[in-house]
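Give me the fold of what follows.
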Amino acid sequence: MNALGQALLQFWQSSIGKKLIVAVTGVLLVGFLIAHMVGNLLIYQGREAMNDYAYFLHHFLHGWGIWIFRLGLIAAFVLHIVTTIALVRQNREARNTRYEFDATVQAPRSSRIMIWSGLTVLGFVIFHIFHFTIRVDPDLAAMKDPLDPSRHDAYGMVIAGFQNPLVVLFYIVAISFLCSHLNHGIASLFQTLGLRSEKTRELIKVAGIAIALVLWLGFLSIPILINTNVIQDKGVDGKSHSSVTADAVIFAES
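This next block holds a predicted model:
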């Protein structure tokens, strides 16, 4: 093994190396969540704004942009999970005896359920990819923009996708776990990077809560308002989505 390989191996085997990997990948994932939420909130601007955004993402760099982004995101997500598990195992092996009483562990509740919240989030990510990215539901996959039948109707797909109360319930549970995970993870991230001190401890705590709360409200407002019919797909000029799409296809074929 060459010098670079040995250095990387030593970095991976060290506790601080794993913590840095978890911190850096965590920053990338939090950044993605914020950007993803902002994009989702375009649903409040209407069909044209959201479908324009979706069209841009899928055609950026001639379609390569979104795949480069997806592969990078998947790599960060997998590395974050694998490194976190390895770090937990390393810490347990280094501990000669476990805590005798749970009350002696001075840790917030969120840190004690990190593994369960992480597994729930992993399941949610897999479901979310099949639900809205791969679109295993043929009805969602076939939806066309009534304003432009040549492109997919992301706006209508989101509204149709959240008509099922069980899907909305799963989103509520998963996003709640995710934000609990973030609340603890953001504080740990600052500590790992050496940016948390006695003076900044409370500020970082408040910032973690604020970021988690904003993401929780931003993500969950959409499925809840859709399922309660506050947000509805009224098509164009008061027509239903299906009738407008059919009219557009007939016009295009004539």
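
Going by C-alpha atoms from here, please, whenever you check contacts or count neighbours.
Fine.

Just after the one helix or strand residue 10 maps to, pick out the following helix or strand.
Assigned by DSSP states H and E, residue 10 belongs to helix 3-13. Later in the chain than helix 3-13, the nearest helix or strand by DSSP H and E is helix 15-40.

now that following helix: mean pLDDT?
Averaged across helix 15-40, the pLDDT comes to 91.

Can you give me the distance of residue 194 to residue 157?
Here residue 194 is placed at a distance of 44 Å from residue 157 (CA to CA, to the nearest Å).

and if you look at residue 116?
Distance from residue 116 to residue 157, counting by CA to CA: 30 Å.

ok, these two, which is more surrounded?
residue 157 (21 against 13; other CA atoms under 10 Å).

Might you report the residue contacts of that one?
Counting by CA atoms under 8 Å, 6 or more residues apart in numbering, residue 157 touches 132, 140-141, 143.

If we use 10 Å, what do you get?
For residue 157, the contact set (CA atoms under 10 Å, 6 or more residues apart in numbering) comprises 131-132, 135, 139-145, 233.

what's the answer for residue 168, then?
Going by CA under 10 Å, 6+ apart, the list of residues near residue 168 reads 161-162, 174, 220, 222-224, 226-227.

One more pass at 7 Å, please.
162, 223-224 (CA atoms under 7 Å, 6 or more residues apart in numbering).

Could you look up the SS state of it?
On the three-state scheme (DSSP: H, G, I helix; E, B strand; the rest coil), residue 168 is labelled helix.

roughly how far apart are residue 53 and residue 155?
10 Å.

what do you get for residue 84?
Distance of residue 84 to residue 155, given as CA to CA: 36 Å.

Of those two, which one has the most company?
Higher neighbour count among residue 84 and residue 155: residue 155, with 24 against 19, using other CA under 10 Å.

for that one, what are its contacts?
Going by CA under 7 Å, 6+ apart, the list of residues near residue 155 reads 43, 47, 50-51.

So which of these sit within helices?
Taking DSSP state H, the ones among the contacts of residue 155 that sit in helices are 47, 50-51.

Return the closest of those residues with respect to residue 170.
For the ones in helices among the contacts of residue 155, the residue nearest residue 170 by CA to CA is residue 50; the value is 23.6 Å.
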